[in-house]
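A.B. asks: Using only what follows, build the 3D model:
(2 chains)
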Amino acid sequence: MLYFPKSFGLLLIFSYLPFSALMAQVDSTQAEEEEDFSMYDNLEFVDESVKRFASVKVSGKSPDKLVSVGYDFQGAYGINASDFGTNTAANEQVSATHGLRFAANIPVISKNSIIIQAGLTYWNTKYEFENSDKLIHPLHKTLSENGLTTTEAAISVYKPLTETSFLLARVAAGLNGDYKLADFQPMKYNRYSVALLWGKKPLDNKQWAIGLSQTYRAGELNYLPVLMYNWTSTNRKWGVESLLPARGDVRYNFSPRSMLFAGFDLEGTSFRIGNKNELNPPFNDLELRRSELRFRLKYERQLIGFIWISAKVGYRYNYSFNVDRVENGEDFFRGFFGDQKYVMENSLTNPLFFNFSINLVSP
Amino acid sequence: MKKVILSALVSLMLVSVSYAQNSEEANRLIGVWEPSHGKAKVKIDKIGDKFYGRIVWLKTAKNPETGEPRVDKNNPDESLRNTPLRGYRILKDFVYAGEDEWSEGTIYDPENGNTYSCSIKMTDENTLDIRGYIGVSALGRTDIWKRLKMPSKK
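C.D. replies: Residues are numbered from 1 along each chain as shown, chains lettered A, B, ... in the order given. Here you go, the predicted model:
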């Protein structure tokens, strides 16, 4: 039998305890108060191959929204729908246009060398007509009965090239129309938006980029230059946040958690009008080219932690509410100078609007 | 009985050796690191069983408007807004979780006064993936920090 003295066991136990206690009490900040910080001035990288990248963040800029749930409301205005087929022109009053707006932009990969985000947008727009039970024109009828729905999936990529330059790309597929979620419209009516920008970030408080886009911001398919410019003043009070032609703002920071903006949004897309109850072939391949400029004031502030609220109020100016026939869903390019005729050239009066959203913001 | 004592002591020794190895692994985090933006250097120390990091160098050490040392003016707690940023503890309460990861900590961003949940992954001896996030790790951003050393003598 192995002989094992009790004192040896106790010795081991006690020799263990001070050791573990010592390990648990390493405090290398004891000399914190009298530390000479100048000793850190000239440190160098252990790994000499370190590469720095342009950060996506611009100091003082409003935080990006990861998840947003909001409500949009436009006041009373008129829709003058032009003649169409056997339908004569008709002017109807809308008492309100309103609906839910949901958006999520979740980082799939987020590191210094690349950021990839997946986005999902769902907007539901309802049209409340003053004489909803007496509507005759098929455009008024479908807007009243079905409203307009936008569902968009997007991928965004931010790729820094050097310490001061970067690429930005976004691809989005949108299914827009007078459909219901329970009765999705065919995928052949998907509309694709693409943007590619190259930019510089020479300073922490300045970032700009230029590029090209395939976009439906003006309602119909278009190819437009894009200009991004984000800047914050040295005292962090004033700034500019713009991605032209989609939006532009002058910003005033009350604090890093409270900001006021004055600017505009250009909202638009092409909606398939497939109202089965009213429109028979060949008049069921229609697309409403809807685009509106929204001049507005916007106030954003932190509510608690990473939850922010955003409130907008302003004037909605209709840019386009015309209708094209898009045979079998195959879209075409008219641009600003094409001579293809619209099926309907409609006009709208312009109301005031407000928008309120609650948002989870990004780190 | 002796066998029981012997096995207990052997277990204790193994635990002790394992703890020492674990602690040695954990202490690799100690040092001075530079975030990707290059505007600061952060020294990570160990206090008790946890790791903390404080700013020891700032690219812009003084407020350009006042000429005074920069302070934590964006802190949501008004009473802390005059605290100098140099020396400020921005990493707190990290514990070694094994497999080159330190977790359960927080990171403070003086740029906006926000504190995020944070985990640290050492991808190699001189590189850290610092992930700040909100609630769940998926809602976050990773910054890569590099280890610094005293300048080599020429």
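A.B. asks: do the biggest strand by length in chain A and chain B meet?
C.D. replies: Counting by DSSP state E, the longest strand found in chain A is strand A:90-111. Yes - shown here: strand A:90-111 in contact with chain B (CB under 8 Å from any CB of the partner chain) through A:106-107, A:110-111. Any C-beta I mention is one placed from the backbone N, CA and C, and that applies to glycine too.
A.B. asks: Give me the buried stretch members for that strand, please.
C.D. replies: A:90, A:92, A:94, A:96-99, A:101, A:103-105, A:107, A:110-111 (16 or more other CB atoms under 10 Å in any protein chain shown).
A.B. asks: could you redo the residues you listed as CSV and give each row pLDDT?
C.D. replies: Converted to CSV, the buried residues of strand A:90-111 look like this (pLDDT from 0 to 100):
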residue, pLDDT
A:A90, 94
A:E92, 96
A:V94, 97
A:A96, 97
A:T97, 97
A:H98, 98
A:G99, 97
A:R101, 97
A:A103, 97
A:A104, 96
A:N105, 94
A:P107, 91
A:S110, 88
A:K111, 85
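A.B. asks: Provide the backbone phi and psi angles at the closest residue to A:Q340 other than its chain neighbours.
C.D. replies: Counting by CB to CB, 6 or more residues apart in numbering or on different chains, A:Q340 lies nearest to A:R334, which is 5.1 Å off, once chain neighbours are set aside. A:R334 adopts backbone torsions of phi -110, psi -40, taken as degrees, to the nearest 10.
A.B. asks: likewise A:M39?
C.D. replies: Dihedral angles for A:M39 - degrees, to the nearest 10 - are phi -70, psi -10.
A.B. asks: try A:N190
C.D. replies: phi -60, psi 140.
A.B. asks: wouldn't it be in contact with A:G177 here?
C.D. replies: No - judged on CB atoms under 8 Å, A:N190 makes no contact with A:G177 at a distance of 10.4 Å.
A.B. asks: which stretches of the stretch 101-250 of chain A form strands?
C.D. replies: A:114-129, A:148-160, A:165-177, A:191-203, A:206-215, A:222-232, A:238-244, A:247-255 (DSSP state E, counting those that start in this stretch).
A.B. asks: Just send the ones you listed back as CSV, with mean pLDDT, mean neighbour count and distance to B:K3 too.
C.D. replies: Below are the strands of the stretch 101-250 of chain A laid out as CSV (pLDDT from 0 to 100; neighbours: other CB atoms under 10 Å in any protein chain shown; distance: least, CB to CB, whole Å):
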stretch, mean pLDDT, mean neighbour count, distance to B:K3
strand A:114-129, 96, 17, 59
strand A:148-160, 96, 18, 63
strand A:165-177, 96, 19, 67
strand A:191-203, 96, 17, 69
strand A:206-215, 97, 18, 71
strand A:222-232, 97, 17, 72
strand A:238-244, 97, 18, 74
strand A:247-255, 96, 17, 69
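A.B. asks: In a markdown table: those, plus distance to chain B.
C.D. replies: A markdown table is the format used below for these (distance: least, CB to the nearest CB, whole Å):
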| stretch | distance to chain B |
| --- | --- |
| strand A:114-129 | 8 |
| strand A:148-160 | 10 |
| strand A:165-177 | 13 |
| strand A:191-203 | 11 |
| strand A:206-215 | 13 |
| strand A:222-232 | 11 |
| strand A:238-244 | 14 |
| strand A:247-255 | 8 |
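A.B. asks: okay, these in JSON lines with distance to A:F321 next?
C.D. replies: Shown next, in JSON lines, are the strands of the stretch 101-250 of chain A (distance: least, CB to CB, whole Å):
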{"stretch": "strand A:114-129", "distance to A:F321": "12"}
{"stretch": "strand A:148-160", "distance to A:F321": "11"}
{"stretch": "strand A:165-177", "distance to A:F321": "14"}
{"stretch": "strand A:191-203", "distance to A:F321": "17"}
{"stretch": "strand A:206-215", "distance to A:F321": "18"}
{"stretch": "strand A:222-232", "distance to A:F321": "16"}
{"stretch": "strand A:238-244", "distance to A:F321": "23"}
{"stretch": "strand A:247-255", "distance to A:F321": "20"}
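A.B. asks: out of those strands, which comes closest to A:E44?
C.D. replies: Evaluated over the strands of the stretch 101-250 of chain A, closeness to A:E44 peaks at strand A:148-160, with 22.6 Å, by CB to CB.
A.B. asks: And the strands in the stretch 251-363 of chain A?
C.D. replies: Under DSSP E, counting those that start in this stretch, the stretch 251-363 of chain A gives strands at A:258-273, A:286-304, A:307-325, A:347-348, A:352-361.
A.B. asks: So which of those strands is nearest chain B?
C.D. replies: Checking the strands of the stretch 251-363 of chain A against chain B by CB to the nearest CB gives strand A:352-361 as the closest, at 7.0 Å.
A.B. asks: and the residue lying closest to A:P225 once chain neighbours are set aside, what does it touch?
C.D. replies: Counting by CB to CB, 6+ apart, A:P225 lies nearest to A:L212, which is 6.0 Å off, once chain neighbours are set aside. Residues in contact with A:L212 (CB atoms under 8 Å, 6 or more residues apart in numbering or on different chains) are A:195-196, A:223-226.
A.B. asks: quick one on the thing from earlier: can you tell me which of the strands of the stretch 251-363 of chain A is most buried?
C.D. replies: strand A:258-273 (a mean of 21; mean count of other CB atoms under 10 Å in any protein chain shown).
A.B. asks: Run through the neighbouring helices and strands of that one.
C.D. replies: On a contact count with 3 or more CB pairs under 8 Å, 6 or more residues apart in numbering or on different chains; DSSP states H and E, strand A:258-273 meets strand A:148-160, strand A:165-177, strand A:238-244, strand A:247-255, strand A:286-304, strand A:307-325.
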